[in-house]
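K.L.:
just to be clear, the model below is a prediction. Sequence and coordinates:
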Amino acid sequence: MFTLAAFRAAFPEFADTARYPDAQITFWSTFATAQVNPDRWCQQTLMGIMLYTAHEITLAAQNQKSGVIGGVPGGTAGPASSKTVGSATVTYDTQQAAEANGGYWNLTNYGKQFLRLARIFGSGVVQL
């Protein structure tokens with residue numbers, strides 16, 4: 001059963017109740033509960049609900065941050081693959097860290113974890 005206390009204990013990075021209000025977590029966890037099929041996830045249903053919730057509130061925090069600095073909340077951008085500061089340039093291979101065909105779920109680490117597990121549980125047990 002999902003509780004705020006269990007969520008914040010499992011994901012202490014969301015402990016700040018001012019930045020991640022209970023109402024927001026409750027909203028997304030309620031939505032996630034309707035999306036995560038317990039017949040597929042079995043004993044890991046709570047993990048799926050928590051990862052789904054963490055993904056959504058991470059995106060919400062990004063939207064809020066954008067709005068605070070005068071940007072348009074809800075804008076989309078993928079991960080940066082390179083950055084230049086002065087004469088130094090850094091480039092990352094973002095495809096190595098992405099889930100294939102993950103789209104929206106690749107926008108956060110929580111989404112990638114959720115998708116990876118959803119694919120495992122959605123396909124049933126496979127033994128090689």
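P.N.:
Happy to help now that I have it.
K.L.:
name the element residue 61 belongs to?
P.N.:
helix 45-68 (DSSP states H and E).
K.L.:
tell me the mean pLDDT over that helix?
P.N.:
Taken as a whole, helix 45-68 carries a mean pLDDT of 87.
K.L.:
what residues are up against the residue nearest in space to the middle of the chain?
P.N.:
Ranked by distance to the mean C-alpha position of the chain (Cα atoms, centre = their mean), the top residue is residue 55 at 1.9 Å. By Cβ atoms under 8 Å, 6 or more residues apart in numbering, residue 55 lies in contact with 105, 107, 108, 110, 111, 114. (Each C-beta comes from the backbone N, C-alpha and C, glycine too.)
K.L.:
in the residues you listed, find the pair that's most separated.
P.N.:
107 and 114 (11.3 Å; Cβ to Cβ).
K.L.:
quick one, which of these two is more surrounded?
P.N.:
Neighbours per residue (other Cβ atoms under 10 Å) separate residue 107 from residue 114, with residue 114 holding more: 26 against 19.
K.L.:
how about low-confidence regions in this structure?
P.N.:
65-83, 89-97, 123-128 (pLDDT under 70).
K.L.:
just the strands in it please.
P.N.:
For the chain, the strands defined by DSSP state E occupy 82-85, 88-91.
K.L.:
count the neighbours of residue 19 for me.
P.N.:
Neighbour tally, residue 19, other Cβ under 10 Å: 12.
K.L.:
got the phi/psi numbers for the residue located most distally from the centre of the chain?
P.N.:
In terms of distance from the mean C-alpha position of the chain, residue 87 ranks first, at 33.6 Å (Cα atoms, centre = their mean). Reported as degrees, to the nearest 10, the phi and psi values for residue 87 are phi -100, psi 0.
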